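> Here is a sequence together with a model predicted from it:
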Amino acid sequence: MNPYVFAMLVFNLGLGTTMTFASSHWLLAWMGLEINTLAILPLMIKQHHPRAVEATTKYFLTQATAAAMILFAATSNAWLTGQWGINHMTNPFITTTVMLALALKLGLAPIHFWMPEVIQGLNLTTGLILSTWQKLAPFILLLQISSSTNPLIIITIGLLSTLIGGWGGLNQTQLRKILAYSSIAHLGWMVMIMQFSPSLAMMSLMIYIVMTTSAFLTFKFSASTTMTMLATSWTKSPIITSLATLILLSLAGLPPLTGFMPKWLILQELVKQELPLLAFIAAMSALLSLYFYLRLCYSMALTSSPNIITSSTPWRLPPSQITMIIPLTIISTLMLLPLTPAIMALVSL
C-alpha cells in the first residue's frame with residue numbers, strides 16, 4: 001500500500017474517533033463512526049487474500065446494519081422530541097435500539113457472531129486495531145446513553161457477554177479467535193459496571209487495551225497464529241515467549257498482575273450495589289476464560305515441541321526488531337496493580 005494512502009487512512013481512523021468523542025449531536029457522532037468504518041476497510045483488505053475479503057465483507061455489512069439502526073433511532077428521536085442531542089434520549093424503544101446497535105458495533109453478546117470470524121480473517125496488526133481502537137467510539141456513546149437505558153437490558157447483555165466470551169474460547173485453537181472471545185468477555189465486564197461507575201468502566205477499557213496490545217504484539221513478534229505454532233515459538237524468541245505466559249495470565253485476571261485490578265474493583269462495586277449474585281456469576285465466568293488462557297500457557301511453557309528441522313531452525317533466522325511499544329505495554333500489563341489507588345484517583349477526576 002502506498003505510504004501516503006496508508007497515512008491518510010490512519011489519520012481518518014483518528015479523525016472518526018475524535019469526532020465521535022467531541023460530538024453531542026447524533027448526526028456528528030454517526031459521521032464519526034462511518035469515517036472510522038470506511039477508513040479501516042482498506043486496511044483490512046490490504047493483504048488480498050480470500051479470507052481477508054470475506055472478513056472485510058462481513059465487517060462492512062455488520063457495521064452498515066448498526067449504522068442504519070443508529071441513524072433510524074436518532075431520526076425517530078428527533079421526530080418525537082425535536083432533540084438531536086445524545087443525552088436527550090427519552091423514548092425507551094429508541095434508547096434500546098441505539099444500545100443494541102452499539103452492542104452490535106462492539107461485538108457484545110448475543111450479537112457477537114461476526115467478531116471471531118472477522119478477526120480470524122485479518123493479520124495480527126489489523127486485528128489489534130479492530131480489537132482496541134475501533135471499540136473506543138461506540139463505547140463512549142454507550143457510556144453516554146447508559147444512564148437512560150433500562151438497567152436490566154444492559155446488565156443482561158454484559159452478563160451474557162462474559163459467559164459467551166468464556167464458553168466460546170474453550171474449544172478454539174486459533175489465537176485470533178481466542179483473543180476475539182477474550183475481547184467479548186472483557187467488554188461484558190465493562191458493560192455490567194457501566195451504569196454504576198462510568199469511571200471504572202473507562203479504566204477497565206484502558207487496561208484492556210494495554211493488555212490486548214501487548215498480547216497481539218507478542219504473538220506478532222513470534223509469528224504465532226495457532227496453538228501449535230506457540231509450542232515452537234521459544235526457538236524464535238525465548239524471553240518474549242516466557243513473558244507471553246504472564247501476559248495471558250494478566251488477561252485472565254490473576255493477581256498480582258495488572259489484569260486483576262479491573263475485575264477486583266468491578267466485583268467490589270457490584271457487591272456495593274447489592275448485586276452479590278451477579279458478582280458471583282461474573283466471577284465464575286472468569287474461570288471459563290482462565291481455562292483457555294492456561295491452555296495457551298501450557299502450550300508455550302510446559303510442552304516440548306518435536307525436535308525436527310522445521311521447529312529447530314528459526315533461531316538461525318534474524319530476529320524481528322523490538323519496537324519501544326512492546327516493552328512498554330508488557331511492563332504495563334504486568335506491573336500496574338500496586339498503582340491501583342493512583343489510577344482510580346486519576347480516572348475519577
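Arrived safely. Numbers count the residues shown, from 1 in each chain.

> So for Q174, what's the pLDDT?
Looking at Q174, its pLDDT reads 90.

> any idea which element M190 lies in?
Assigning secondary structure by DSSP states H and E places M190 in helix 175-194.

> Please tell me how far the following helix or strand past that helix is from the chain's geometric centre.
Using DSSP H and E, the next helix or strand after helix 175-194 towards the C-terminus is helix 198-221. Centre-to-centre, helix 198-221 and its host chain are 7 Å apart (C-alpha atoms, centre = their mean, to the nearest Å).

> ok, now stretch 189-197?
On C-alpha atoms, centre = their mean, the centre of stretch 189-197 falls 15 Å from that of its chain.

> Could you list the residues in contact with it?
103, 108, 139, 142-143, 146-147, 149, 151, 154-155, 157-159, 161-162, 200-201, 204-205, 208, 262-263, 266, 269-270, 273, 278, 282 (C-beta atoms under 8 Å, 6 or more residues apart in numbering). Bear in mind the C-beta positions are built from the backbone N, C-alpha and C, glycine included.

> at 6 Å what do you get?
With contacts defined as C-beta atoms under 6 Å, 6 or more residues apart in numbering, stretch 189-197 is touched by 146, 151, 155, 157-158, 162, 200-201, 204-205, 266, 269, 273.

> Please indicate which of those residues are buried?
S146, I155, I157, G158, T162, L200, A201, S204, L205, I266, E269 (16 or more other C-beta atoms under 10 Å).

> Break the chain down into its domains, please.
Domains of the chain are assigned by automatic domain parsing as 1-106, 160-305+322-349.

> nearest to Q134, of these?
domain 1-106 (6.5 Å; C-beta to C-beta).

> rewinding a little: same list, the contacts of stretch 189-197, but as CSV with pLDDT and distance to G168 please.
Output for those, formatted as CSV (pLDDT from 0 to 100; distance: C-beta to C-beta, whole Å):
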residue, pLDDT, distance to G168
S146, 83, 25
P151, 86, 25
I155, 92, 20
I157, 93, 15
G158, 93, 16
T162, 94, 11
L200, 92, 25
A201, 92, 22
S204, 93, 20
L205, 94, 20
I266, 94, 21
E269, 92, 26
Q273, 91, 27
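
> Including distance to Y4, could these go into TSV?
Formatted as TSV, the contacts of stretch 189-197 follow (distance: C-beta to C-beta, whole Å):
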residue	distance to Y4
S146	40
P151	48
I155	46
I157	41
G158	42
T162	43
L200	41
A201	38
S204	37
L205	32
I266	43
E269	47
Q273	51
